[in-house]
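A.B. asks: kindly generate the corresponding structure for this input.
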Amino acid sequence: MKSGLVILDRDGVINFDSDDYIKTPAEWIPIPGSLEAVARLTRADYTVVVATNQSGIARGLYDMATLNQIHHKMTGALRDHGGQIDAVFFCPHGPDDNCPCRKPKPGLLEQISSRLNVSLNGVPVVGDSLRDLECAQAVGALPALVRTGKGKRTEDQLPEALKGVAVFDDLAAFTEALLLGGLEPLIAPVSSDS
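C.D. replies: Numbering: from 1, shown residues only. Got it, this is the predicted structure:
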């Protein structure tokens, strides 16, 4: 039996983000320490899943084949470091498509719960944007913010309902905290009525 489940956003958590989108495998560049962090989670027997909005598809900036190539590069780089992503869940829709799986709506996380047949109650969801945290909160998961990507800006703009969220410098710092004893003591209870 695995130690548990960790859900990661992709851009801004595992790799550098770009306001112009990550449109090619060459633009996918890991944040220092992120590959090693996923490898540590893998060695600790965690199931690691990615949940990512990829509206660049709806916007016509890249196609499914290119997205698959980007994810192939990511999984290969992780494998080279001893890490593994067990699944990648993504929403290809744009913000105006009203898709239930586009974060902050909970559809992607609900898909993960259904596909893996697990409750997401208390499962860490690591992101760099408010939509990641709100999505986690909507399903009873444990939102965790990293300061990489858009994280510093997000930290400065946290709404009252998310003021108790745990904040980490990066994915490596989150992983260290999780493996040293979990996240519960680091996090004040987060209200679920927002």
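A.B. asks: where do the strands sit along this protein?
C.D. replies: Counting by DSSP state E, the chain has strands at residues 4-8, 46-53, 87-91, 124-127, 142-146, 166-168.
A.B. asks: was I right to think Arg59 contacts His93?
C.D. replies: No: here Arg59 does not reach His93: they are 10.0 Å apart, not a contact under C-beta atoms under 8 Å. Placement of C-beta: from N, CA and C, glycine included.
A.B. asks: how about the helices of the protein, start to end?
C.D. replies: For the chain, the helices defined by DSSP state H occupy 34-43, 64-80, 107-116, 130-138, 151-156, 171-179.
A.B. asks: select, out of these, the one closest to Val50.
C.D. replies: Proximity to Val50, assessed across the helices of the chain by C-beta to C-beta, is greatest for helix 64-80 (8.2 Å).
A.B. asks: compute the inter-axis angle for that closest one and helix 34-43.
C.D. replies: Taking axes from the mean of the first three to the mean of the last three C-alpha atoms, to 10 degrees, one finds that helix 64-80 is oriented at 70 degrees with respect to helix 34-43.
A.B. asks: now helix 64-80: buried residues?
C.D. replies: 66-67, 69-71, 73-74, 77-78 (16 or more other C-beta atoms under 10 Å).
A.B. asks: same question for stretch 43-51.
C.D. replies: 46-51.
A.B. asks: please apply the same query to stretch 97-112.
C.D. replies: So, applying 16+ other C-beta under 10 Å, buried residues of stretch 97-112: 99, 101-103, 105-112.
A.B. asks: kindly report the same for stretch 9-20.
C.D. replies: Those would be 9-17, for stretch 9-20 by 16+ other C-beta under 10 Å.
A.B. asks: rewinding a little: Arg59 and His93: which has the busier surroundings?
C.D. replies: For Arg59 versus His93, neighbours defined as other C-beta atoms under 10 Å are more numerous around His93 (18 against 14).
A.B. asks: for that one, give me the pLDDT.
C.D. replies: Confidence at His93, expressed as pLDDT, is 96.
A.B. asks: quick one, phi psi at it?
C.D. replies: phi -90, psi 160 (degrees, to the nearest 10).
A.B. asks: ok, back up a step: want to try CSV for the strands of the chain, with distance to Tyr21 as columns?
C.D. replies: What follows is the strands of the chain, written out as CSV (distance: least, C-beta to C-beta, whole Å):
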stretch, distance to Tyr21
strand 4-8, 18
strand 46-53, 11
strand 87-91, 13
strand 124-127, 17
strand 142-146, 19
strand 166-168, 25
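A.B. asks: residue contacts, Ala141?
C.D. replies: By C-beta atoms under 8 Å, 6 or more residues apart in numbering, the contact list for Ala141 reads 7, 109, 120-125.
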